[in-house]
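In: A predicted structure for the sequence below; I have some questions about it.
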Amino acid sequence: MAQANPPRVRVVEDGPKVELNVSTENIGQVVLLARAFDEKVPPVEDNPGSSPGDGGDRVPQR
């Protein structure tokens, strides 16, 4: 059985570490807004009527 490739990770150590001054209240608001956005916006499908085997060479219907 073939082994899966390990994930590639690039470690960048340029300069001093920076502390972010973000309140937990702001983080909470961002999370709530993201959840609300996720509920309102349906996932985008390229062409919901086609199957993966179509190859995208269909003529659009009018």
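Out: Thanks, I have the structure now.

In: CA atoms for contacts and neighbours, from now on please.
Out: Will do.

In: ok, Ser23 - how many residues close by?
Out: Neighbours of Ser23 under the rule other CA atoms under 10 Å: 8.

In: can you check Leu20 too?
Out: 6.

In: And the one 5 residues further on, by the same measure?
Out: Glu25: 9 surrounding residues under other CA under 10 Å.

In: if I look at it, how far off is Lys40?
Out: Plainly put, Glu25 is 23 Å away from Lys40 if you go by CA to CA, to the nearest Å.

In: just for the chain, where's the confidence low?
Out: 1-3, 47-62 (pLDDT under 70).

In: Please enumerate the helices of it.
Out: Here the chain has its helices, by DSSP state H, at 24-40.

In: Now do the strands in it.
Out: Using DSSP state E, no strands are found in the chain.

In: got the buried residues for stretch 18-27?
Out: For stretch 18-27, the neighbour count (16 or more other CA atoms under 10 Å) marks no residue as buried.

In: can you check stretch 34-50 too?
Out: Residues of stretch 34-50 classed as buried by neighbour count (16+ other CA under 10 Å): none.
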